[in-house]
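J.: Here is my input, please return the structure:
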Amino acid sequence: MNVSRAFQLLALVILCDAVVALSVWMKSWDMITKVIPAIFLFFIFLTLPALLKPLKNSSSSLVRTLRHLILPVWAAAILVFVLSFAERLVWVNAQSYPAWLAKVVYTDQSLDNPEVLMNIQDEQCSGIKGFRAIEMKNNGLFMRCDESLLPGSWWKGVYLLKHRPAHNPA
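T.: Have a look, this model is predicted:
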């Protein structure tokens, strides 16, 4: 085992120990049951190209084909992660949010009433765990079902809330 690989494994062990210590401190098994597997999967994910490199000169065509199938999927996953991170940066830092990234929700009730907003949020975000957020941006009122730092929290729902004016027949 080379020195850089040893340092990578040491960093992984230290990170897992920190998660266990934090779990004990918080008195919660969730940290251990969710974060440690995520750390291992993330570690494998980052080292996947290096793990597949010895298969490049394999005599088996099946192994070479699998390698050629896995690497594009890996690249696509990296792209999704980067785009999710960029979306999160826009959500947190921008004065406005791209309306095409949000689903529009119309309501007949006033959006100035916090109780109405909570009812809409409960209706749209039912069954989704995580922090919820309602943000006023320059281009409208947006609601997010999962405000966590995880990439892909956008997929759980971002909504543009709009008031549907009463229809007055002439």
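J.: Distance from the chain centre to stretch 132-150, please.
T.: 14 Å (C-alpha atoms, centre = their mean, to the nearest Å).
J.: Any idea which helix or strand in this protein has the lowest mean pLDDT?
T.: Across the helices and strands of the chain, mean pLDDT, DSSP states H and E gives its lowest value to helix 30, namely a mean of 68.
J.: Name the spans of this structure whose pLDDT lies under the cut-off.
T.: 1, 3, 26, 30-32, 148-153, 166-170 (pLDDT under 70).
J.: Which residue ranges of it form strands?
T.: 103-107, 133-137, 140-144, 158-163 (DSSP state E).
J.: Just tell me which of those ends up closest to Ala77.
T.: Distances from Ala77 to each of the strands of the chain were compared using C-beta to C-beta; the minimum, 21.3 Å, belongs to strand 158-163. Using the backbone N, CA and C atoms, a C-beta is placed for each residue, glycine as well.
J.: Packing partners of that closest one?
T.: For strand 158-163, the elements it packs on are strand 103-107, helix 114-124, strand 140-144, judged by 3 or more C-beta pairs under 8 Å, 6 or more residues apart in numbering; DSSP states H and E.
J.: again, only this time at 10 Å
T.: Judged by 3 or more C-beta pairs under 10 Å, 6 or more residues apart in numbering; DSSP states H and E, the packing partners of strand 158-163 are strand 103-107, helix 114-124, strand 133-137, strand 140-144.
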